[in-house]
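>>> quick check, what structure comes out for this input:
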Amino acid sequence: MSRRQFLQSMTASGMALALRPVAAAAPQPGAIPPVPTAAAVPAAVPAAWRNWSGIAQCQPTAWAVPRSEEELVTLLRQSPAPLRAVGAGHSFTALVPTEGTLLSIDALSGLSAHAAQPAPTATLQAGTRLATVSRLLDGVGLALRNAPDIDAQTLAGALATATHGTGADLPALHADVQSLRLVAPTGQILSCSAQDNAEVFHAARVSLGALGVVTEMTLRVRPRHVLQRRVWLMPVDSLLRDLDTLARKHRQFECYLLPHTGYGAVIVHDEHPGPPQPVPHVSADEDVLRDLRRLRDWLGYAPSLRRWVAQRLIDPAQTEQRTDWSYRLLSTQRPTRFNETEGHVPRANGPACLRAVLDYLEQRNDVYFPVEFRYVAQDDAWLSPFYERDSCSIAVHAAHDEPWDYLVKDVGALFRRHGARPHWGKLHDRSAQELRTLYPRWNDFDRVRRHLDPQGRMLNAYLRPWFERSNAS
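Residues are numbered from 1 along each chain as shown. Sure, this is the predicted structure:
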């Protein structure tokens, strides 16, 4: 493609406004293959597993798909270890891979009960996908208080890794869990809440899949509600200056900085008193990412020229406004695959860390993915990255077929410098000692884990180094 053809294609696409930076839909490499029965499948049969981006893979001895809690009890007692639960495969860390048994709870799905009084709650089976959760709740006039930006995950997987949305006063999804049922590796079934089996409850809301398998949970929800979404572009310097103001002003605020362009995209959601106004919507996200990659491929060797061209192709006056039910606006599909790291820094450190990350990325001419920045309120789950700490979340992406080691090595170093705790589902290299320091209740979590799983049957090669010393004691 000639430079003229390239610029013509960029102009034709208009550098469409970056509303969200790509990822997730079909095909789903992390999805389980068809399994005819709940019994563990013999070693000659199981298909290999890999996560959505392809970075995590394994060849299990067996797959198992329990159709009930009773079947799960038998499988946990009898199946080859290590036993690991698998959901949609949207984690980038090696939480799932095992040479033992993969347990899918996809069959444990659905809305079991709901109540509007005295406070809205909903009881859901843990294998329910988040997209299905939202639609089931909408069908009975309810909604999640907040939602992550991807809704392909299982409810249990999202909670186990502390999946979150954005909002300075809104906590992550696990903070809305009021009670849960856990099947331990010994087969023991526990009903847990802040009043009953309280220590297990505080550990199991963000469990890394290390305590057993959660089968059901009751969530705090709210009546279905309408949000208005607005999106606009801002120069990076102005956006960085106004981050906290925007977060205080809007119910939900997030932004995406576009490296090597000088711009960032602002996305806000606020409650709207009127009815929904659904309109056909075709996301420009894929076009944006494609344009950013083309700009990198064509002008990556000349950063100044790359920025000059970007600023003339991007229309800073572009805006978007939509008004609809909350679940239709908060989560999106992301077809383009990538690998990702994400750090959760103390809220006071958020703007400085974001600036440092952007400055670093703009020293690399191969970078083109937007940098995602969100706010998350504190909670009290023991292994929550937001444990007793209001936080800012910074996520950095690399295309799944391009080098990503700098996400861990270099971006990870910046996260360390600003006091970040890692997202459990995103790439990081934190050691056991670092994790014990970062998480004040780490030892309490491990004490509960050893009680529930004295033989370490839930520990795969990824988790074992974090807990093996205590398991041997």
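>>> report pLDDT for P273.
Looking at P273, its pLDDT reads 95.
>>> now it: closest residue in space, sequence neighbours ignored.
Leaving aside its chain neighbours, P273 sits nearest to V226 (7.7 Å; criterion: C-beta to C-beta, 6 or more residues apart in numbering). All C-beta atoms are positioned from the backbone trio N, CA, C, and that covers glycine.
>>> from D244, how far out is the one you found?
26 Å (C-beta to C-beta, to the nearest Å).
>>> got the buried residues for stretch 50-66?
50-53, 55-56, 58, 60-66 (16 or more other C-beta atoms under 10 Å).
>>> of those residues, which belong to strands?
R50, C58, A62, W63, A64 (DSSP state E).
>>> V236: which of the buried residues of stretch 50-66 is nearest?
Taking C-beta to C-beta as the measure, V236 lies nearest S53 of those, at 27.5 Å.
>>> so what does the closest one look like in phi/psi?
phi -90, psi -10 (degrees, to the nearest 10).
>>> skipping adjacent residues, who's closest to it in space?
Here the residue nearest S53, using C-beta to C-beta, 6+ apart, is H400, at 4.4 Å.
>>> I figured the one you found hits G54, correct?
Yes: in this structure, H400 is within contact of G54 by C-beta atoms under 8 Å, at 5.9 Å.
>>> where along the chain do the helices fall?
Under the criterion DSSP state H, the chain contains helices at 3-13, 69-78, 130-139, 155-160, 198-204, 236-249, 285-299, 303-313, 326-330, 350-361, 405-417, 432-438, 442-452, 464-472.
>>> figure out which of these is closest to H272.
helix 326-330 (9.8 Å).
>>> what is the rounded mean pLDDT of the closest one?
Average pLDDT, helix 326-330: 95.
>>> ok, residues contacting that helix?
134-135, 137-138, 143-144, 146-149, 151, 165, 224-227, 229, 252, 269, 276, 278, 322 (C-beta atoms under 8 Å, 6 or more residues apart in numbering).
>>> are any of those residues buried, and which?
134, 137-138, 143-144, 146-149, 151, 165, 224, 226-227, 229, 252, 269, 276, 322.
>>> what about the closest residue to T341 other than its chain neighbours, how many residues nearby?
Of all residues not flanking T341 in the chain, L407 sits nearest, at 4.1 Å (C-beta to C-beta, 6+ apart). Neighbour count of L407, defined by other C-beta atoms under 10 Å: 22.
>>> so L407 touches G343, yeah?
No: the criterion here is C-beta under 8 Å, and L407 misses it with G343 at 10.4 Å.
>>> quick revisit: neighbours of the residue nearest to S53, how many?
Other residues lying near H400 total 17 when counted by other C-beta under 10 Å.
>>> ok, now which ones touch it?
Counting by C-beta under 8 Å, 6+ apart, H400 has contacts S53, G54, I55, R337, F338, N339.
>>> quick one, what contacts the first one?
The reference is to S53. By C-beta under 8 Å, 6+ apart, the residues touching S53 are F92, R337, F338, N339, H400.
>>> what about it, distance to V231?
S53 sits 26 Å away from V231, taking C-beta to C-beta as the criterion.
>>> just A348 next, same as before
From A348 to V231 the distance is 27 Å (C-beta to C-beta).
>>> which of the two has more neighbours?
Between A348 and V231, counted using other C-beta under 10 Å, the more crowded position is V231 (20 against 13).
>>> from R290, how far out is the residue lying closest to that one once chain neighbours are set aside?
Distances taken as C-beta to C-beta, 6+ apart place E320 nearest to V231, at 4.1 Å, with adjacent residues excluded. For E320, the distance to R290 (C-beta to C-beta) stands at 18 Å.
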